[in-house]
Structures are given as structure tokens and as C-alpha cells.
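Q: Coordinates for the following, if possible.
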Amino acid sequence: MGTVLQLHERVRPPAHRIQSEEEALEIARSLAVGFALQASDRDINRVLPYDEIETLSQSGLFGISVPSEHGGIDISNSVLAEIIAILAGADPSIAQILQTHFHVLEAVRTCGSEEQKSSLFARVMAGDRFGSVSSDAGTGGAGQSNLQLTHDGLGYRLNGRSFHSASVLFSDWIVMFIADAVAVVPRNTEGVQIIDDWDGFGQRTSGNGTTILHNIYLNVDAVLSHHEKLGQPSVIDSIGQLTHAGINLGIARSALATTIELMRAHPSTDNSLKHAADDPLIITRVGEIAVRIEAATAMVERAGSKIDAAQINLTEDHVIDAALSVAAAQTVTAEIAMEASNTLFDLAGASSARIGLNLDRHWRNARIHTLHDPARRTYNAVGNYHLNGIKPPKSSSP
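A: Numbering: from 1, shown residues only. Below is the predicted model:
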């Protein structure tokens, strides 16, 4: 780990233009096969997937949520979440890079002027990637972010440090959520310093880090024109949470697939049975996990369709309906990601805990990723709405 120097201007071929949801799914499945091959090695040795991310950029998947009037296919949110889940099944760190990107693109769609959207979405369609920086609500305290945006003539000055810089190591652009404003800054802007200091035990190669901003000057058009919409009903948060649910779902599917592979290969501890896969107790437990993953998948699809409805008719009722459905999907997928990861070891036994197998990456990824929005907070927000009519809280961080 160490300081990552400012990104030099990169020359990459134009990204592929995806024409349909079916093509997007096919590309995601094809890429997932390749990404899975070295996922364990990347995790255990913390090898950042630069080549894989460049391949992902060229595939066109970063542009699938761009509105059709700007060259994208404005993909349905259910399919968007499924693509995240497919990639997370191969490597959840890679999926998190897309998750951050799609979340901030919704902020651009919601808060940008027509000129800003046209310019930024053109960069997305060319294959550029967007990372995210957020500022904590409070100030002070160890590990707390504090970004300050101040007026300077016709523009702004930006200073501070953010410990919550999602996927920033792989970004071409950094979207900064600062109080009630959103700024979009090229990664190679003078005064931007990015530090590769993420040391979590899971999601180890997701490109998170610390961003330090040294008196950066921003032209007025670097701040999204309609930032006041952050305080109005929108689905920015819901898309961020839905794609997080997609990552949970992918982790759960991968853990189950690994469990099935191990059970088919392992001999049974019961002398009357040849393989562990013949054990009725193991069969039942695998069935339970599979059923819960299927139920979680259905919840993600339902939540995605409610976000679609809210995007078409952006009323407060539709936004709240989507938020509640997404909260349910995120909570259930988080639970099944943890359950499937734990079950892997419950069924495979002590031999599965060998460091060389690195099977604990499923549990580590699930555990650290589900800390993003703890279930207790979600249950409280949903319960407070139903009991007391208090609207779910907003959060612009990814």
C-alpha cells in the first residue's frame, strides 16, 4: 500500500456499445467466468484487478444505466442488480466498483444540468469510470471525513480528507458528496491525492482508499447544477442500496456453489453412504440455502421494478415504496450471504478452514460488505415508518 500518484491521461479504445439487456447479461456472464479464475489469488495476495477493470470498461457495462437519449440503454434496475450479482459471484470486489459507479451516475442523472449530463454521460459511454467520495455529517474524531467546499470568485475551492472513498483507485472521475452539493472532478486534477490504505479483511481489492484534496479550484460547472434535488424525493439512495443487495446475492450464490462442489467431492462421514452429497441432512441444508437465495433474488427483482416505477413517476409515495422494498431486499440478501458463507464451513468441516484454500474469503467478503448498512438500522427505519409515519432517512454515500 502507499500513495497512488495522480492518474496520467489514459488512452483507451472506445467502449463497446451494448444494445440490449440480454446482451448486457450475456457479457456479464462471460466476463464472470474469466474474473473468477484468479479471484482467490487476488484476494489472498491483494492484487488489484487493473487489467480486469480495463476489460470491464471495454465491455460497455459501465454505460448500461445511461439514459437512452445519451446513448445508453437505460437498463431496468432489476437487470442492473442481476448483472452486479453475476459479477459478485465471480469477484465481489470487482462488482463493488460497478456498484459505486452506478450509484453516482444516478446522482448525475438527478442533479446534473442537461449540459452536464450530456458531457459526463458521453465519458461514461466511452468507458470512463466514476468513483465516490463522501463527507461525514459530523466533524472531528479519528477516521472521520471532513470535506469543505467554499466559494472562490466564479468557482469554488475544495479542501479536506475523505476516508470513505469508494472504488477511487480505479476511477477516472471522482464524484464528491459534500453536504448539500455534488461535485464531479477528473481524477488527474491538480491537488487530488489518493492513498491506497484500505486494510479491511474483506472486499480487499475493491479499490477503496483515502482521498486528500489540497485547495482544489473548481469551475462552477464542476458542481452539479441541481444539487437542491438531493433534498427532494429521488431514488439515488435506493439504487445504491439495490446494487449493494446484488453484491450480497452474488456472494451467497458463490458460497453455495462452493459448498455444492465440496459436498460432491467429499466422502461421507457415514459409512453407509459414498459421498457427502448423499447425506439427507446435508441435502436438506443445501436445499434450505438454495430456497432462501431464490427468495432473495425475487425480492431484489421486485425492488428493482419499484425503482423503475419511481423513476418514471417521481412522486414521494413511489420513492418511499421503492425505498421500503429495497430495504427489505438488502436486509434479506445480507442475511443469506452470511448464512450461506457460514454453512459452507458447517458442512465441509475442519478441512475447509485451511489457509491455502482461502474459502474464508466468502465469509470475509460477506461480513465486511454487510456492515455497509446494518440490519438493525434498516429494521428500525422500516419500523419507524410503519409505526410512526417517519420517512426513511436519506443518505447520499455509496
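
Q: And stretch 106-123, end to end?
A: One end of stretch 106-123 sits 15 Å from the other (CA to CA, to the nearest Å).

Q: Look through this protein and tell me its longest strand.
A: For the chain, the strand reaching the highest residue count under DSSP state E is reported as strand 155-166.

Q: Give the other helices and strands that the first helix or strand past that one going along the chain contacts.
A: The C-terminal neighbour of strand 155-166 among helices and strands, as given by DSSP states H and E, is strand 173-178. Other helices and strands packing on strand 173-178, by 3 or more CB pairs under 8 Å, 6 or more residues apart in numbering; DSSP states H and E, are helix 92-111, strand 130-134, strand 146-152, strand 155-166, strand 181-186. Where C-beta positions appear, they are placed from N, C-alpha and C, glycine not excepted.

Q: cutoff 10 Å now
A: Strand 173-178 sits against helix 92-111, helix 114-126, strand 130-134, strand 146-152, strand 155-166, strand 181-186, strand 209-218, with contacts defined as 3 or more CB pairs under 10 Å, 6 or more residues apart in numbering; DSSP states H and E.

Q: What is the distance between it and the centre of its chain?
A: Once both centres are worked out by CA atoms, centre = their mean, to the nearest Å, strand 173-178 turns out to sit 16 Å from its chain's centre.

Q: what angle do it and strand 155-166 make?
A: Using axes from the mean of the first three to the mean of the last three CA atoms, to 10 degrees, the interaxial angle of strand 173-178 with respect to strand 155-166 works out to 100 degrees.

Q: sec struct for Glu228, please.
A: Reducing the assignment at Glu228 to three states with DSSP: H, G, I helix; E, B strand; the rest coil gives helix.

Q: hang on, it packs against Cys111?
A: Yes. A contact is recorded between Glu228 and Cys111 when judged using CB atoms under 10 Å, the distance being 8.2 Å.

Q: what is the mean pLDDT for the helix or strand harbouring Ile336?
A: Ile336 is part of helix 316-348, with elements assigned from DSSP H and E. Averaged across helix 316-348, pLDDT comes to 96.

Q: Please spell out which residues along stretch 124-140 are buried.
A: Residues of stretch 124-140 classed as buried by neighbour count (16 or more other CB atoms under 10 Å): 124-136.

Q: ok, so of those residues, who is nearest Asp41?
A: Relative to Asp41, the closest of these is Arg129; by CB to CB it sits at 23.0 Å.

Q: measure that closest one to Ser65 for me?
A: Distance from Arg129 to Ser65, counting by CB to CB, to the nearest Å: 13 Å.

Q: list the residues that contact both of the two?
A: Common neighbours of Arg129 and Ser65, using CB atoms under 10 Å, 6 or more residues apart in numbering, are 98, 101.

Q: Which helix or strand lies directly C-terminal to the one helix or strand in the chain whose mean pLDDT sits lowest?
A: Ranking every helix and strand in the chain by mean pLDDT, DSSP states H and E puts strand 2-4 at the bottom, with a mean of 37. Toward the C-terminal end, the helix or strand that comes next after strand 2-4 (DSSP H and E) is helix 21-37.

Q: helices and strands around that next one, which ones?
A: Under the contact rule (3+ CB pairs under 10 Å, 6+ apart), helix 21-37 is packed against helix 50-59, helix 77-90, helix 92-111, helix 236-265.

Q: and the second one, which residues are buried?
A: Looking back up the chat, that one is helix 77-90. Residues of helix 77-90 classed as buried: 77-90 (neighbour count, 16+ other CB under 10 Å).

Q: okay, the helices and strands packed on strand 173-178 in CSV with distance to Leu357 next?
A: As requested, these are arranged in CSV below (distance: least, CB to CB, whole Å):
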stretch, distance to Leu357
helix 92-111, 18
helix 114-126, 38
strand 130-134, 32
strand 146-152, 42
strand 155-166, 29
strand 181-186, 42
strand 209-218, 29
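
Q: Tell me which of those sits nearest to Ser234.
A: Using CB to CB and comparing those, the one that lies nearest Ser234 is helix 92-111, at 5.0 Å.

Q: how far does the closest one sit from the chain's center?
A: With CA atoms, centre = their mean as the basis, helix 92-111 stands 7 Å off its chain's centre.

Q: where are the low-confidence patches of the stretch 1-150 of the chain?
A: Counting by pLDDT under 70, the low-confidence segments of the stretch 1-150 of the chain come to 1-11, 136-145.

Q: ok, 80 please
A: Per-residue confidence for the stretch 1-150 of the chain (pLDDT under 80) gives these ranges: 1-11, 135-145.

Q: what does the stretch 251-398 of the chain give?
A: 267-275, 372-373, 394-398.

Q: Let's see that with 90 instead.
A: 265-278, 349-352, 371-377, 393-398 (pLDDT under 90).

Q: quick check: domain ranges of the protein?
A: Here the chain is described, according to automatic domain parsing, as comprising the domains 2-129, 134-228, 233-388.

Q: how about these in CSV, adding distance to Lys394?
A: CSV is the format used below for the domains of the chain (distance: least, CB to CB, whole Å):
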stretch, distance to Lys394
domain 2-129, 12
domain 134-228, 11
domain 233-388, 6
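
Q: List the residues that contact Asn215.
A: Residues in contact with Asn215 (CB under 10 Å, 6+ apart) are 152, 157-159, 190-191.

Q: On the pLDDT front, check it for me.
A: Turning to Asn215, the model gives it a pLDDT of 94.

Q: Likewise for the one 10 residues further on?
A: Ser225 carries a pLDDT score of 92 in this model.

Q: Is it in contact with Leu120, as I believe?
A: No. The criterion here is CB under 10 Å, and Ser225 misses it with Leu120 at 12.0 Å.

Q: and those two? which has more neighbours close in?
A: Leu120 (23 against 16; other CB atoms under 10 Å).
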